[in-house]
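> whatever this is, show me its structure:
(4 chains)
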Number of protein chains: 2
Amino acid sequence: METVPSLRATDTYLLSRVGKAGRRRMVDRLAGSGFSLRHMAILGYLADRGPAAQRDIGRLLGIDPSDLVGALDELEERGLVRRERDPDDRRRHRVSLTPAGRTALRRCRRHADAVDDEVLAPLTAAQRRTLSDLLGRVFDALDADVSPPAAPAPTPGTRTRRR
Amino acid sequence: METVPSLRATDTYLLSRVGKAGRRRMVDRLAGSGFSLRHMAILGYLADRGPAAQRDIGRLLGIDPSDLVGALDELEERGLVRRERDPDDRRRHRVSLTPAGRTALRRCRRHADAVDDEVLAPLTAAQRRTLSDLLGRVFDALDADVSPPAAPAPTPGTRTRRR
DNA sequence: ACCAATCGTTGGTGGTGACCTACCATTGCG
DNA sequence: CGCAATGGTAGGTCACCACCAACGATTGGT
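Here you go, the predicted structure:
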């Protein structure tokens, strides 16, 4: 991909551009199996952390509760997740992964791996590990944005962001 | 920022997520000065490569000609670019940067640098250079996507993408 | 001189993402 | 009990992006 030097020199621009391209590929690929990134993220969440209330899923994944509903509807219709009322708090739904959901997730992951390989093809295995590591650090440091009511505003410049 | 392990392990996911967050910050910041990413990209193009026809700007920047019109209108209204007919080919517009445009670009770049610093804060200078380099490699290898009519489809799996 | 192609422009479309409000059921607390 | 808070839902908005078709002006090729 080509660009102008002054843009290529801007890390955030590069990041955003590469991220977008990667996301694009991923979305295309997953779409072939009828999944969206959201779907995959949700399945991943459930596989990693077990059954959960919708609120919690949305909070961690950065999905608005009202948007989550639809995504879960789709997954449920296809028998990939189950929604049942939490007996301990009947307001909540206990969302859990079905065996079919687990299988679906494996499929998603295969797609994801393939896209990773495709996008990062120009890098050697070692470089790839490095990139992975650096990206991880940056990612972890991003606005938690999941902060409880009173934002402590640790460093000046941590702009709270969130319309 | 938190996530589930299985997603954190997916490079493309990380990339897309970090890219998006970076873009967000950039957009917010630029918006404060009344610019969009598009605007900055266009100003950067003109500064780096000199006056150009709209077609060419759009091609390199991945902006549809019909979308470019509006962006240029805005820049022109604010006196940052000039549009004049190319005497050699009166179909074309010769778009050029005004001195005010040059100043505006400097301002944009300062914003961009600030965002870079903010986003990449968790990295050391050396790590940052490494990330920059690796991202650059990946970026350069991305689908040119500016390919002429008949896509040669070099490797199976190079999905042409482009709705 | 004619026709096909090119450039900019207008005025659409469709998809996505990130919101928001209002609402009902349920819970926890005073 | 009564009421505020919480979890899920339904429905809608707004911005943005990537397109597309059609059109007038202009050009280049024959």
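> do the helix or strand where A:Leu131 lies and DNA strand C meet at all?
A:Leu131 belongs to helix A:125-141 when assigned by DSSP states H and E. No. Helix A:125-141 does not reach DNA strand C (CB under 7 Å from any atom of the strand); its nearest approach is 14.7 Å. Glycine gets a C-beta too; all of them are placed from N, C-alpha and C.
> which other helices and strands does that helix contact?
With contacts defined as 3 or more CB pairs under 8 Å, 6 or more residues apart in numbering or on different chains; DSSP states H and E, helix A:125-141 has these neighbours: helix B:11-32, helix B:125-141.
> next, the buried residues of the first one.
Put plainly, it is helix B:11-32. Going by neighbour count (16 or more other CB atoms under 10 Å in any protein chain shown), the buried part of helix B:11-32 is B:11-27, B:29-30.
> so which of those residues are also by DNA strand D?
Okay, of those touching DNA strand D (CB under 7 Å from any atom of the strand), that's B:Val27.
> which parts of the lowest-mean-pLDDT helix or strand in chain A are buried?
Between all helices and strands in chain A, the lowest mean by mean pLDDT, DSSP states H and E belongs to helix A:5-8, at a mean of 87. Across helix A:5-8, burial judged by 16+ other CB under 10 Å covers A:6-8.
> list the residues that contact A:Leu123.
A:131, B:134, B:137-138 (CB atoms under 8 Å, 6 or more residues apart in numbering or on different chains).
> ok, so of these, who is nearest DNA strand C?
The shortest gap between DNA strand C and any of the contacts of A:Leu123 belongs to B:Val138, at 21.4 Å (CB to the nearest atom of the strand).
> and the gap between the residue lying closest to A:Leu135 once chain neighbours are set aside and B:Thr3?
Leaving aside its chain neighbours, A:Leu135 sits nearest to B:Leu14 (4.6 Å; criterion: CB to CB, 6 or more residues apart in numbering or on different chains). Here B:Leu14 is placed at a distance of 9 Å from B:Thr3 (CB to CB, to the nearest Å).
> tell me, what's touching the two both at once?
Joint contacts of B:Leu14 and B:Thr3 (CB under 8 Å, 6+ apart) are A:Phe139.
> for stretch A:47-57, measure first residue to last.
Counting by CA to CA, to the nearest Å, you get 12 Å between the two ends of stretch A:47-57.
> next, count neighbours for A:Leu43.
A:Leu43 is flanked by 26 other residues according to other CB atoms under 10 Å in any protein chain shown.
> ok, it - contacts?
A:Leu43 makes contact with A:75, A:80-81, A:97, A:101, A:104-105, A:108, according to CB under 8 Å, 6+ apart.
> ok, the nearest residue to A:Leu134 once chain neighbours are set aside - how many residues close by?
Take A:Leu134 and drop its neighbours on the chain: the residue closest to it by CB to CB, 6+ apart is B:Leu131, 4.6 Å away. A count of nearby residues for B:Leu131, using other CB under 10 Å, gives 22.
> now A:Ala52
Counted by other CB under 10 Å, the residues lying close to A:Ala52 total 20.
> which one is it nearest to, not counting chain neighbours?
Going by CB to CB, 6+ apart, A:Ala52 has A:Val95 as its nearest residue, at 5.9 Å.
> quick check: that neighbour is in a strand.
Yes. Residue state for A:Val95 (DSSP: H, G, I helix; E, B strand; the rest coil) corresponds to a strand.
> just give me the neighbour total for it.
A count of nearby residues for A:Val95, using other CB under 10 Å, gives 24.
> show me the contacts for A:Asp67.
Each residue near A:Asp67 by CB under 8 Å, 6+ apart is listed here: A:Gly58.
> tell me which element it is part of?
If you go by DSSP H and E, A:Asp67 is part of helix A:65-77.
> next SSE after that helix?
strand A:81-86.
> so what touches that following strand?
Counting by CB under 8 Å, 6+ apart, residues outside strand A:81-86 touching it are A:42-43, A:46, A:53, A:72, A:75-76, A:92-98, A:101.
> for DNA strand D, what are the nearby residues on chain A?
A:20, A:53-55, A:65-69, A:72-73, A:83, A:89, A:91-93, A:95.
> pLDDT averaged over stretch A:95-104 - what is it?
On average, the pLDDT along stretch A:95-104 is 96.
> I appreciate the help and will end here.
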